[in-house]
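# below is the sequence, then the predicted model.
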Amino acid sequence: SVIQLLVGGRRRPSGIASFIPRLVIMVVAAIAIMAARLYIMKNVPIFMPFDNPPAFQPSPIRQLTQLHLVFLNMWLLFCPAALLADWSMGTVPLVESLLDTRNLLTLLIFVFLAVLGFTAILGTSRRQRILLLAVAMMVVPFLPASNLLFSVGFVIAERILYIPSMGFCVAVALGVETLLRRKNVRAAAYIGLIVLLSAFCGKTVIRNYQWDSDFTIFSAALKVTQSNAKVYSNIGHYYENKREYETADKYFSRSVLVQPNDIGAWMNVARISKLLKNRTRAIEAYRSAIGHLPKLTAGSNIRVAPNHIKTYVKLANILKEKKEDYPQAAEMYLAALSVDQHNVDVYNGYAELLREQQRFDDARRYLDKALSIEPRNVIALFNLGVVGLKTDNMKEAERLFKKVLKLDPDHQATLHNLGLLYQSSKRFADAQKFLKHLLEVSPNHTAANFNLGVVQLDTGNRRDALTYFNRTLQLDPVHEEALFNLALTLSDLNRLDEALIAAKNLLNVKPDHFKGRLLYGDVNTHLKNFPEALQWYDKALELKPDSPMGMHNKAVVLANLGRTEEAIHWLQETLRVDPNYPSGQQHLQTLQSSMAQAKRKQQQQKAV
């Protein structure tokens, strides 16, 4: 209409006259879409090399590979046989030379698109206008994600072909219509159309099953490519979530073989190694991940990804499990802080390490820095409360723990520590309140069940204590202190046979438990199994030869066995080690008096 107005005629424009306004409209539309895209994005995001390897290559490798991606996307429309959920990493080999035969395919697809485009633009018929619409729907929505104008965060993404596929379907429909008009190929066209629709419908059904779960979609991807470390990693995650750690380890290990410089793959190997209790391998894997990080220095222009900091922190967390590795752990935390001085997690982790080293003032300093960045950070407030506990500043610890609970009423570690604080302060009602709250949040919290049992003992509720000790042992059958306190409580309740079984269970778990050996001897003493009791007191004294209780109890058993002189000897040893041992002097005097009377009787009998 614009051309008709300009030339003053009413004839329909054709050829170049028709081409110009359509070209202008398409160019203006493309520019508008690009401008809108850039406006929405504001700042162009920075992607990692693994997300889009070609974008990080030098010329001409980058341009040749990105141009070849156009062919691959068009091929997915023509023949969607090999579909992938993730095309990143090494899935698409780089086009590294002009002599690469794939350049012919790239050239072929651009020639095809050029012919198709000019046919649509220069034509004036209704079919050519429809073809123009089809080409526009294929090209315009694809351009922003094509890597041709600017790099995006992926190599190929099948989702960006949804709208272009609509234009492709319109173009195919036009082609089929053309064939159906020709009688000599109509039958073949119908047959081809039926085969095409059947194949695509079949592929859709198969693909739906493949998208059923992470495992099925990435297992299907593994049949298409063995060069993508993410595929192996995702299958590894599936088995990890099922707690099949050894199988997960095989896939994670394969991913680092496929992509040795993949930081995430090494972190997966480290995590699964830790779950498999292989600390040494976990440390080596984290060190490998750090070895592939860019050199991080303060003030550098290198983008610091969150995973960079996480790698240092996770390695430090493993290293600080052993005291001899504390210096290396500190080195990792400080390396992270040298790059990111606003990372609260690093401050928290380093403060925990300093606390374990009894460097409480330094720990407070780093926790204060964390709270200056994030005043409501629960972990920093909790850690500061723990420092208060460790330095016997109970009021400060209580204040901080209560502040944590205002922010997170169900914070389990705080509920537990506050319960212990009140227990040590003999505020047993408050201790029970917070420990019971913790059990409402986490009924299977082993330490809470055990400590509630101890609180019940402290308040004289032995039967309730038994309940909590038994719950503890249901959760952790080898909990040493629960086994000991269960046996002790049963003994106090005069349920001696049960106490003997509980004490024996403790000694099966930890044969060198000193108090357990003493208790087993005590229960046998109450049952008047004096030879058995003597044997266990001797075993206890093997562990602690100078134990006043062990020597005293042995003396009591010897006295009951009529071995008075030996009993007196062990009572004297008891008082030598602890002159104020309760009832030690009294028992000694009683035995000495008894022995003196026995000697007088013997002398009198001899005189007669």
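Done, it's in. All values derive from a computational prediction rather than experimental measurement. Numbering: from 1, shown residues only.

# so what does Ala567 have for phi and psi?
phi -60, psi -40 (degrees, to the nearest 10).

# host element of Val556?
Secondary structure from DSSP states H and E places Val556 in helix 548-560.

# output the contacting helices and strands for that helix.
Contact partners of helix 548-560 among helices and strands, from 3 or more Cβ pairs under 8 Å, 6 or more residues apart in numbering; DSSP states H and E: helix 514-526, helix 530-543, helix 564-577, helix 584-607. Every residue, glycine included, has its C-beta placed from N, CA and C.

# most packed of the ones you listed?
The highest mean neighbour count among the helices and strands packed on helix 548-560, using mean count of other Cβ atoms under 10 Å, belongs to helix 514-526: a mean of 23.

# that one versus helix 548-560: what angle between them?
Note on geometry: by axes from the mean of the first three to the mean of the last three Cα atoms, to 10 degrees, helix 514-526 and helix 548-560 are set 20 degrees apart in direction.

# turn the helices and strands packed on helix 548-560 into JSON lines, including mean pLDDT and distance to Arg462.
Below are the helices and strands packed on helix 548-560 laid out as JSON lines (pLDDT from 0 to 100; distance: least, Cβ to Cβ, whole Å):
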{"stretch": "helix 514-526", "mean pLDDT": "94", "distance to Arg462": "15"}
{"stretch": "helix 530-543", "mean pLDDT": "94", "distance to Arg462": "23"}
{"stretch": "helix 564-577", "mean pLDDT": "89", "distance to Arg462": "29"}
{"stretch": "helix 584-607", "mean pLDDT": "74", "distance to Arg462": "27"}
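
# of the ones you listed, which approaches Ala189 most closely?
helix 514-526 (88.8 Å; Cβ to Cβ).

# report the distance from the closest one to the chain centre.
A distance of 45 Å separates the centroid of the chain from that of helix 514-526, by Cα atoms, centre = their mean, to the nearest Å.

# what residues does that helix touch?
Contact with helix 514-526 is made by 483-484, 487-488, 491, 494, 496, 499-500, 503-504, 506-507, 510, 530, 532-537, 539-540, 543-544, 547, 549-550, 553, 556-557, 560, as judged by Cβ atoms under 8 Å, 6 or more residues apart in numbering.

# one more time with 7 Å, if that's ok
Outside helix 514-526, the residues within contact range by Cβ atoms under 7 Å, 6 or more residues apart in numbering are 484, 487-488, 491, 496, 499-500, 503-504, 506-507, 510, 532-533, 536-537, 539-540, 543-544, 549-550, 553, 556-557.

# same check, this time on stretch 174-191
Stretch 174-191 is contacted from outside by 127, 130-131, 134, 193, using Cβ under 7 Å, 6+ apart.

# turn those into JSON lines, columns for distance to Pro409.
Converted to JSON lines, the contacts of stretch 174-191 look like this (distance: Cβ to Cβ, whole Å):
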{"residue": "Arg127", "distance to Pro409": "69"}
{"residue": "Ile130", "distance to Pro409": "64"}
{"residue": "Leu131", "distance to Pro409": "65"}
{"residue": "Ala134", "distance to Pro409": "60"}
{"residue": "Leu193", "distance to Pro409": "65"}
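
# out of those, which comes closest to Gln585?
Proximity of the contacts of stretch 174-191 to Gln585 (Cβ to Cβ) peaks at Ala134, which lies at 108.1 Å.

# so where's the stretch 1-150 of the chain shaky on pLDDT?
By pLDDT under 70, the weakly predicted segments of the stretch 1-150 of the chain are 1-20, 22-23, 37-38, 41-48, 50, 123-124.

# strands of that one, start to end?
Counting by DSSP state E, counting those that start in this stretch, no segments of the stretch 1-150 of the chain form strands.

# from His292, how far out is the closest residue to Phe56 other than its chain neighbours?
The shortest distance from Phe56 to any non-neighbouring residue, by Cβ to Cβ, 6 or more residues apart in numbering, is to Pro49 (4.4 Å). Distance, Pro49 to His292, by Cβ to Cβ, to the nearest Å: 11 Å.

# same thing with Ile501?
56 Å.

# how about the helix holding Val556, which residues are buried there?
Buried positions in helix 548-560, judged by neighbour count with 16 or more other Cβ atoms under 10 Å: 548-559.

# would TSV of those residues with distance to Ile160 and pLDDT be doable?
Converted to TSV, these look like this (distance: Cβ to Cβ, whole Å; pLDDT from 0 to 100):
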residue	distance to Ile160	pLDDT
Pro548	81	92
Met549	78	93
Gly550	78	92
Met551	83	93
His552	84	92
Asn553	81	92
Lys554	84	92
Ala555	88	91
Val556	86	90
Val557	85	92
Leu558	89	91
Ala559	91	89
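
# including distance to Tyr333, could those go into CSV?
What follows is those, written out as CSV (distance: Cβ to Cβ, whole Å):
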residue, distance to Tyr333
Pro548, 46
Met549, 45
Gly550, 46
Met551, 49
His552, 50
Asn553, 50
Lys554, 52
Ala555, 55
Val556, 55
Val557, 55
Leu558, 58
Ala559, 60
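
# can you tell me which of these is nearest Phe382?
For those, the residue nearest Phe382 by Cβ to Cβ is Met549; the value is 38.5 Å.

# quick check: closest non-adjacent residue to that closest one.
Distances taken as Cβ to Cβ, 6+ apart put Leu518 closest to Met549, at 6.4 Å, once the chain neighbours are dropped.

# now the one you found: how far from Ser491?
Going from Leu518 to Ser491 by Cβ to Cβ gives 11 Å.

# and for Leu507?
Leu507 is 14 Å from Ser491, where distance means Cβ to Cβ.

# do Ala499 as well
Counting by Cβ to Cβ - Ala499 and Ser491 are separated by 4 Å.

# so between these two, which is more surrounded?
Ala499 (24 against 19; other Cβ atoms under 10 Å).

# I'd like the distance between that one and Leu483.
11 Å.

# quick check: closest non-adjacent residue to Leu354.
Ala363 (4.0 Å).

# show me what contacts that neighbour?
351, 354-355, 387.

# so how far is the helix or strand encompassing it from its chain's centroid?
Following DSSP H and E, the helix or strand that holds Ala363 is helix 360-373. In terms of Cα atoms, centre = their mean, the centre of helix 360-373 is found 26 Å from the chain centre.

# with only the CA atoms kept, save it in PDB.
C-alpha atoms of helix 360-373 as PDB (Å, rounded to 0.1, in the frame of the first residue of the first chain):
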ATOM      1  CA  PHE A 360      37.600 -17.700  71.500                       C
ATOM      2  CA  ASP A 361      38.500 -14.000  71.100                       C
ATOM      3  CA  ASP A 362      39.400 -14.500  67.400                       C
ATOM      4  CA  ALA A 363      36.200 -16.500  66.900                       C
ATOM      5  CA  ARG A 364      34.200 -13.700  68.300                       C
ATOM      6  CA  ARG A 365      35.900 -11.200  66.000                       C
ATOM      7  CA  TYR A 366      35.100 -13.200  62.800                       C
ATOM      8  CA  LEU A 367      31.500 -13.800  64.000                       C
ATOM      9  CA  ASP A 368      31.000 -10.100  64.700                       C
ATOM     10  CA  LYS A 369      32.200  -9.500  61.100                       C
ATOM     11  CA  ALA A 370      29.600 -12.000  59.800                       C
ATOM     12  CA  LEU A 371      26.900 -10.200  61.800                       C
ATOM     13  CA  SER A 372      27.900  -6.800  60.500                       C
ATOM     14  CA  ILE A 373      27.200  -8.200  57.000                       C
END
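
# good, wrapping up.
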